[in-house]
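S.K.: Next input, structure requested:
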Amino acid sequence: MFCPSCGTESLPDHKFCKHCGATLAVAGDAQGAAPMAGNGAQAASVQSFAMPVAVAVQAPPLPPPPGVTAAASMGPPMGAMPPQAPPPGMVPMVYQAYPGGPQQVYYVPVAQAHARAQKHFLEGLESRIRKLASTDQLEGFSLGQMFSETFKRHGSDAVEDYVMVGAAKTSPPIDVVETGWPKPWMFFRLLATFVAAYIILALAFNYTSNEKLVPGIMLLGAFAVPLATLVLFFEMNTPRNVSVLAVAKLFLLGAVVSLCMALLGYAVPIFDVSSMEAGIVEECAKLLTVILVMRSVRYKYQLNGILFGATVGAGFACFETMGYAFDVLMQGMQQAAQAGSQQVMAAGVSAMLGNLLLRGIESPLGHVAWTAIAAGAFWRVKQDRPMSPAMLVDGRFLRAFIIPVSMHALWDCPWQLPFSGNQIITGLITWYVVFGLVQQGLRQVKEEQKTHLESTLAHVEAAMLPGAGGMQPAGAVPVA
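M.R.: Numbers count the residues shown, from 1 in each chain. Here you go, the predicted structure:
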């Protein structure tokens with residue numbers, strides 16, 4: 001016997017469909033009516049017993065899953081084919097209220113099905129990235145709240161106090177260090193200053209064609225965005241135990257050392273694929289530079305490692321951009337000379353400005369953040385211990401180090417998605433990992449605050465005990 005409403009097969013003696021609850025054909029009732037009519041009491045008892053059985057075997061429909069509209073039509077249970085083709089613009093989807101429970105097929109709009117599939121894909125990708133980076137899901141994070149202080153007015157005194165940190169007498173005590181998400185603002189001031197100076201020099205060259213302005217244009221264009229991004233990482237170092245002088249020294253020394261190490265690394269062929277070679281050689285060179293230059297056990301926080309990585313990455317990015325800008329300048333001048341143009345320098349500078357603009361926009365997504373991830377993951381293992389080669393083979397570091405290497409390789413991959421898709425994807429993944437590591441660093445500071453408070457309370461309690469040389473109750477007479 002089949003249900004006339006949904007087509008589900010049922011036993012002949014069932015009065016209701018076990019799936020949708022609709023009344024079944026009366027063929028089974030007609031056969032059982034005559035025997036029951038001979039004995040009214042027995043028929044009534046049988047009927048009263050049969051009804052609960054019919055209700056017990058009935059499978060009530062599951063509630064619609066979250067996000068399914070009321071207009072979505074419900075299909076047959078899992079294992080049974082739909083009685084008819086899906087309605088126009090609808091697709092079947094399986095819903096299970098709990099693991100091991102009954103499954104139900106629903107028809108939902110195509111657009112809604114695609115949105116649900118994309119959501120599941122992104123959630124799975126996010127989970128895999130967190131597992132690889134050994135980080136947790138972001139909690140209490142909001143870009144709006146984080147940059148809420150960016151455009152507010154800050155006086156010159158506040159700026160001086162903000163940068164005069166990192167020395168023995170200017171580093172704040174651990175008790176007063178902020179452990180919530182930082183609210184940086186100085187990076188934007190530096191960016192605006194550099195961009196304004198860059199635009200002024202570019203306009204001056206456009207009107208005067210003075211060749212002496214070209215080096216300044218190249219310098220400002222190459223340094224503006226990487227330096228501003230570095231200041232952003234400086235502001236996220238909430239322990240405030242690294243001075244501006246230490247950052248400046250690491251920036252210059254790290255840029256030179258990492259570039260030389262990368263050039264030596266390129267002399268040793270690793271892979272035929274240039275993008276993979278660049279990812280391995282340059283990321284290893286920058287990380288080794290951080291480890292070699294910043295060996296002091298004084299800097300024990302994971303946030304310190306993130307800042308050191310960003311510093312070396314920013315130096316590497318600035319010098320690399322200047323090299324590319326110089327190449328583009330020479331190529332533009334050469335092409336203009338071959339074409340017989342009278343504006344050779346102007347053509348070269350025009351090509352250089354386009355290259356500087358593109359690399360400036362992309363620079364926060366690349367070297368600065370990649371090396372911040374690598375060094376932050378290494379400092380998560382190192383903490384306050386001396387450097388050791390065993391730290392480089394620690395699983396927590398190696399898994400996280402795969403991320404910047406892979407992102408660098410995807411960035412330089414020969415197969416590029418339209419509209420700078422490779423750069424956008426790698427940038428989003430990179431900064432998601434960066435914020436995850438920053439959250440870990442903030443928790444490390446919070447745990448140290450807790451440990452310091454517990455230690456302080458223990459010392460106070462010990463000092464309050466009688467006979468410990470501490471405070472005595474009022475009126476107490478010392479025993480001779």
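S.K.: would you say Val460 is within a helix?
M.R.: Yes. Assessed by DSSP: H, G, I helix; E, B strand; the rest coil, Val460 belongs to a helix.
S.K.: Count residues in the vicinity of it, would you?
M.R.: 11 (other CB atoms under 10 Å). C-betas here are computed from N, CA, C, even on glycine.
S.K.: how near is it to Asn206?
M.R.: In this view, Val460 and Asn206 are 69 Å apart by CB to CB, to the nearest Å.
S.K.: need the contact list for the residue nearest to the spatial centre of the chain.
M.R.: In the chain, the residue lying closest to the centroid (CA atoms, centre = their mean) is Tyr432, at 1.1 Å. Shown in contact with Tyr432 (CB atoms under 8 Å, 6 or more residues apart in numbering): 126, 129, 138.
S.K.: Closest to Ala337 out of those residues?
M.R.: Comparing the contacts of Tyr432 against Ala337 with CB to CB places Ile129 closest, at 49.0 Å.
S.K.: Hmm, Tyr198 is touching Leu219, no?
M.R.: No. Using CB atoms under 8 Å, Tyr198 is not in contact with Leu219, being 9.1 Å away.
S.K.: Comparing the two, which shows the higher neighbour count?
M.R.: Tyr198 (23 against 17).
S.K.: now for the helix or strand hosting the more buried one, which elements pack on it?
M.R.: Assigning secondary structure by DSSP states H and E places Tyr198 in helix 186-208. On a contact count with 3 or more CB pairs under 8 Å, 6 or more residues apart in numbering; DSSP states H and E, helix 186-208 meets helix 156-163, helix 214-236.
S.K.: Give the rounded mean pLDDT of that helix.
M.R.: When pLDDT is averaged over helix 186-208, the result is 95.
S.K.: quick one: it to chain centroid distance?
M.R.: Distance, stretch centre to chain centre, for helix 186-208: 31 Å (CA atoms, centre = their mean, to the nearest Å).
S.K.: Please apply the same query to stretch 407-419.
M.R.: 19 Å.
S.K.: and what of stretch 87-94?
M.R.: 34 Å.
S.K.: So what's the gap between stretch 260-279 and the chain middle?
M.R.: Going by CA atoms, centre = their mean, where stretch 260-279 is centred and where its chain is centred differ by 27 Å.
S.K.: now stretch 413-421
M.R.: That offset, for stretch 413-421, works out to 21 Å (CA atoms, centre = their mean).
S.K.: Using CSV, please lay out the helices and strands packed on helix 186-208 together with mean pLDDT and distance to Ala325.
M.R.: Shown next, in CSV, are the helices and strands packed on helix 186-208 (pLDDT from 0 to 100; distance: least, CB to CB, whole Å):
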stretch, mean pLDDT, distance to Ala325
helix 156-163, 85, 29
helix 214-236, 96, 5
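S.K.: Quick check: mean pLDDT of stretch 239-251?
M.R.: 95.
S.K.: ok, which stretches of this structure are helices?
M.R.: Under the criterion DSSP state H, the chain contains helices at 27-38, 40-57, 110-133, 143-146, 156-163, 186-208, 214-236, 244-266, 274-293, 302-338, 344-362, 367-382, 395-411, 421-464.
S.K.: now the angle from the last one to helix 344-362?
M.R.: Read that as helix 421-464. 50 degrees (axes from the mean of the first three to the mean of the last three CA atoms, to 10 degrees).
S.K.: okay, the angle between helix 421-464 and helix 302-338?
M.R.: 150 degrees.
S.K.: one step back: and the residue nearest to the centre of the chain, how far from Ile424?
M.R.: Taken as CB to CB, the span from Tyr432 to Ile424 is 13 Å.
S.K.: cool, Ala197 as well?
M.R.: Counting by CB to CB, the gap from Ala197 to Ile424 is 29 Å.
S.K.: now do Phe308
M.R.: Here Phe308 is placed at a distance of 27 Å from Ile424 (CB to CB).
S.K.: residues near Ser93, how many?
M.R.: Let me fix one detail, which is that residue 93 is Met and not Ser. 18.
S.K.: Also Lys152?
M.R.: Counted with other CB under 10 Å, Lys152 comes out at 8.
S.K.: Check the one 10 residues further on too.
M.R.: Counted with other CB under 10 Å, the neighbours of Tyr162 add up to 16.
S.K.: Which residue is the nearest non-sequential neighbour of it?
M.R.: Met186 (6.0 Å; CB to CB, 6 or more residues apart in numbering).
S.K.: Please name the residues that touch that neighbour.
M.R.: Taking CB under 8 Å, 6+ apart as the test, what Met186 contacts is 154, 159, 162-163, 231, 234-235.
S.K.: Going through those, which ones are buried?
M.R.: For the contacts of Met186, a neighbour count by 16 or more other CB atoms under 10 Å gives the buried set as 162, 231, 234-235.
S.K.: Phe223 is in contact with Ala197, correct?
M.R.: No. Counting by CB under 8 Å, Phe223 is not a contact partner of Ala197; they are 10.3 Å apart.
S.K.: Go ahead and confirm Lys285 touches Gly265.
M.R.: Actually, residue 285 is Ala. It isn't Lys. Yes. Contact criterion CB under 8 Å: Ala285 and Gly265 qualify, at 5.7 Å.
S.K.: Among the two, which residue is more densely surrounded?
M.R.: Ala285 (22 against 17).
S.K.: any idea how far that one lies from Leu264?
M.R.: According to CB to CB, Ala285 stands 8 Å off from Leu264.
S.K.: for Asn241, what are its contacts?
M.R.: By CB under 8 Å, 6+ apart, the residues touching Asn241 are 165-166, 171, 298-299, 301, 304.
S.K.: repeat that with 10 Å
M.R.: Going by CB atoms under 10 Å, 6 or more residues apart in numbering, Asn241 touches 165-168, 170-172, 174, 177, 298-301, 303-304, 307.
S.K.: do Ser209 as well
M.R.: 343, 345-346, 349.
S.K.: redo that, cut-off 7 Å
M.R.: By CB atoms under 7 Å, 6 or more residues apart in numbering, the residues touching Ser209 are 345-346.
S.K.: And it, its phi and psi?
M.R.: The phi/psi pair for Ser209 (degrees, to the nearest 10) reads phi 60, psi 30.
S.K.: Distance-wise, check it relative to Phe419.
M.R.: On the measure of CB to CB, Ser209 and Phe419 end up 35 Å apart.
S.K.: Over to Phe147?
M.R.: 25 Å.
S.K.: out of the two, which sits in the busier spot?
M.R.: Phe147 (15 against 8).
S.K.: measure Ala192 to Val344 for me?
M.R.: Taken as CB to CB, the span from Ala192 to Val344 is 33 Å.
S.K.: which one of these two has more residues nearby?
M.R.: Taking other CB under 10 Å, Ala192 and Val344 do not tie; Val344 has more neighbours (17 against 12).
S.K.: Ala336 is in contact with that one, correct?
M.R.: Yes. Here Val344 reaches Ala336: they are 4.6 Å apart, a contact under CB atoms under 7 Å.
S.K.: Next one, pLDDT for Val268 please.
M.R.: 80.
S.K.: got it, and Met294?
M.R.: pLDDT, Met294: 89.
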